[in-house]
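Participant: What follows is a predicted protein model with its sequence.
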Amino acid sequence: MRAHASGSAGPRGRSGPPSSARPCVTGESLPASSGGRLERALRGETARRRRAVEALAARLDGLSPLACLARGYAIAVSPSGEVLTRADRVRIGERVKVRLHEGSLGCRVEDVDRPGAPAGPGRGESDARHA
């Protein structure tokens, strides 16, 4: 085996590893043939992941309570802070806060239509008020 002039022969009689076995370090250039393919692959993967993140963000936004408010819905809250999901959780005369997309309203309950009861004024618990 011949020794290289520097005194440290590589695996094939050359000093240092072969150029194709060297890892790519930031700032170094790749051979033209592999650099273009790698760059295209990275761009494609980056674009694919960006689209996936954007799709997930859109789904998450659609589930947001604030997005529901922006579409015209409101959230009614009892004086104790409970989110009201049923009419039978409040009584005539009770104050509730109604949160809107922009701001909130302080409201007093004038009528309660219970589940299963006929809807409309003068029915249900509101009868006691009119009696």
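Facilitator: Structure received.

Participant: all helices of this structure, in order?
Facilitator: 32-63, 65-70, 126-130 (DSSP state H).

Participant: Adding distance to residue 90, write the ones you listed out as a markdown table.
Facilitator: (C-beta placed from N, C-alpha, C; glycine too.) Formatted as a markdown table, these follow (distance: least, C-beta to C-beta, whole Å):
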| stretch | distance to residue 90 |
| --- | --- |
| helix 32-63 | 27 |
| helix 65-70 | 20 |
| helix 126-130 | 12 |
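
Participant: Those helices: lowest mean pLDDT?
Facilitator: For the helices of the chain, mean pLDDT drops lowest on helix 126-130, to a mean of 42.

Participant: returning to what we had before: tabulate the helices of the chain (JSON lines), appending mean neighbour count and distance to residue 95.
Facilitator: Shown next, in JSON lines, are the helices of the chain (neighbours: other C-beta atoms under 10 Å; distance: least, C-beta to C-beta, whole Å):
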{"stretch": "helix 32-63", "mean neighbour count": "10", "distance to residue 95": "30"}
{"stretch": "helix 65-70", "mean neighbour count": "13", "distance to residue 95": "20"}
{"stretch": "helix 126-130", "mean neighbour count": "12", "distance to residue 95": "16"}
